[in-house]
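>>> Test case, fold it:
(one chain, ligands or ions: 2)
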Amino acid sequence: MDIITDTKLDLPLVRKGKVRDTYQLDNNLLMVASDRLSAFDVVFKEGIPHKGAVLNSLSIFWFKLTSDIVKNHFITNAIPAVLPAFLEKRSMIVSRAEPVQLECVVRGYITGSAWKEYEKTGKVCGIELPKGLKNGSELPHPIFTPSTKAQKGHDENITEDAARKIVGADTYDFIRKKSLEIYGFGKSHARKSGLVLADTKLEFGSILDATGHKQTILIDEILTPDSSRYWLRDEYEKGNTVSLDKQFVRDYLEKTGWNKSPPPPTLPADVIENTSKRYLQAYKMLTGKELLTNETTTPTAQI
Ligand SMILES: Nc1ncnc2c1ncn2[C@@H]1O[C@H](COP(=O)(O)OP(=O)(O)OP(=O)(O)O)[C@@H](O)[C@H]1O
Ligand SMILES: [Mg+2]
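Ligands and ions are numbered 1, 2, ... in the order given. Down below sits the predicted model:
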């Protein structure tokens, strides 16, 4: 499978995100997951082999499993034959929605930006947490910690009241409830697969249903290693955090002393390969299937 860091299809381009290129396809959207990697909101020059296919295939896996919790935008992964073959595995056709302007983050464990906030204030998004938590501790129960959807720059954690004002009370209550349910489902499936789902970010959007009523559905991606933190469960139980997600790259970048502003540094080949293996391993553990059935891969066990 080629590494794809950019696409130029003969279709109207709706947007180029950090990772996905989205095109208009009839009345729907064609979402193409590239192999681009972003860390600290900066997109790197190098692609990560198979990353787009993992994100796309894993999202489809979860969209199908969770559709009775909440409706989602997935329509099909059968891409019209007139479109280029490289789109296969990395693309899906989805319903176009009006994105709800909130990043819906659920955390069952405290780490990342929430850990930094807790260290300073004892709270996360205005929620008081027990004293004495460590980086990586499991929380007494999962918490919903919304953040802004910044057009530019970094998303910021906000309080429940602020989030309610942005999206309205009804939408807020709905997306909070559904986010917690999806996280709970994902956490328990991940656990059975040998993983800890530490946290995740979901996006919702509104569509008009057949009767013209506004409906809020899940959009974007779901429970992927880009939108979530996955840790190996047996290592976690021994007190080690081994991440099958972007954290490996973030940790490498922290060590280089890079100031997290563009231009991004060049990623060494071993960091690229190791990241690719981690994404493929997350896919395999969660779905019980190899993503690459017709290709020879190096074993994923040693990371
Ligand atoms: N069904 C949908 N309808 C409309 N927009 C969608 C839908 N699903 C996802 N999107 C939007 O498409 C974009 C997906 O691209 P990608 O994940 O690369 O973006 P991102 O870099 O994470 O987001 P951004 O650039 O907005 O910060 C996101 O902005 C997301 O909100
Ligand atoms: Mg995104």
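
>>> gap between residue 169 and residue 104?
Going from residue 169 to residue 104 by Cβ to Cβ, to the nearest Å gives 15 Å. Placement of C-beta: from N, CA and C, glycine included.

>>> One more: residue 27?
Noted for residue 27: a distance of 26 Å to residue 104, by Cβ to Cβ.

>>> same question, residue 7
Per Cβ to Cβ, residue 7 is found 27 Å from residue 104.

>>> quick one, which of residue 27 and residue 104 is more surrounded?
The neighbour comparison of residue 27 against residue 104 (other Cβ atoms under 10 Å) goes to residue 104, with 26 against 7.

>>> any idea of the mean pLDDT for the host helix or strand of that one?
Here residue 104 sits within strand 104-109, counting by DSSP states H and E. On average, the pLDDT along strand 104-109 is 98.

>>> Report all helices and strands that that strand contacts.
Applying 3 or more Cβ pairs under 8 Å, 6 or more residues apart in numbering; DSSP states H and E, we find strand 104-109 packed against strand 138-144, helix 169-192, strand 195-208.

>>> Go ahead and confirm residue 154 touches residue 103.
No: assessed by Cβ atoms under 8 Å, residue 154 is found out of contact with residue 103, at 10.7 Å.

>>> So for residue 20, which of the helices and strands packed on strand 104-109 sits nearest?
Among the helices and strands packed on strand 104-109, strand 195-208 comes nearest to residue 20, with 11.7 Å by Cβ to Cβ.

>>> Tell me the buried residues in that closest one?
Residues of strand 195-208 classed as buried by neighbour count (16 or more other Cβ atoms under 10 Å): 195-205, 207.

>>> I'd like those residues laid out as CSV, including pLDDT and distance to residue 292.
CSV is the format used below for those (pLDDT from 0 to 100; distance: Cβ to Cβ, whole Å):
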residue, pLDDT, distance to residue 292
195, 98, 20
196, 98, 25
197, 98, 24
198, 98, 26
199, 98, 28
200, 98, 25
201, 98, 27
202, 98, 27
203, 98, 28
204, 98, 32
205, 98, 31
207, 97, 34
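
>>> how about those, which pair is most distant?
The span of the buried residues of strand 195-208, defined through Cβ to Cβ, is set by 196 and 207 at 33.2 Å.

>>> interface residues of this structure facing ligand 1?
Residues of the chain found near ligand 1 (Cβ under 6 Å from any ligand atom) are 15, 17-20, 22, 29, 73, 94-97, 99, 203, 205, 219-220.

>>> And for stretch 148-164, what's in contact with it?
Applying Cβ atoms under 8 Å, 6 or more residues apart in numbering, the external contacts of stretch 148-164 come out as 41, 99, 101-103, 105, 113-114, 117, 124-127, 144-147, 166, 172, 203.

>>> rerun that using 10 Å as the cut-off
40-41, 99-105, 113-114, 116-117, 123-127, 144-147, 165-166, 170-173, 175-176, 201, 203, 260 (Cβ atoms under 10 Å, 6 or more residues apart in numbering).

>>> CA atoms only for that stretch - export them in CSV, please.
As requested, the backbone C-alpha atoms of stretch 148-164 are provided in CSV (Å, rounded to 0.1, in the frame of the first residue of the first chain):
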residue,chain,number,x,y,z
THR,A,148,-13.6,24.2,22.1
LYS,A,149,-13.2,23.4,18.4
ALA,A,150,-10.6,26.0,17.6
GLN,A,151,-10.4,27.0,13.9
LYS,A,152,-6.8,27.8,14.4
GLY,A,153,-4.5,26.9,17.3
HIS,A,154,-5.2,24.5,20.1
ASP,A,155,-8.6,23.4,21.5
GLU,A,156,-9.2,24.5,25.0
ASN,A,157,-10.9,22.7,27.9
ILE,A,158,-14.0,24.5,29.0
THR,A,159,-16.5,24.1,31.8
GLU,A,160,-19.9,22.5,31.4
ASP,A,161,-21.7,25.8,31.7
ALA,A,162,-19.6,27.3,28.9
ALA,A,163,-20.1,24.3,26.7
ARG,A,164,-23.9,24.4,27.3
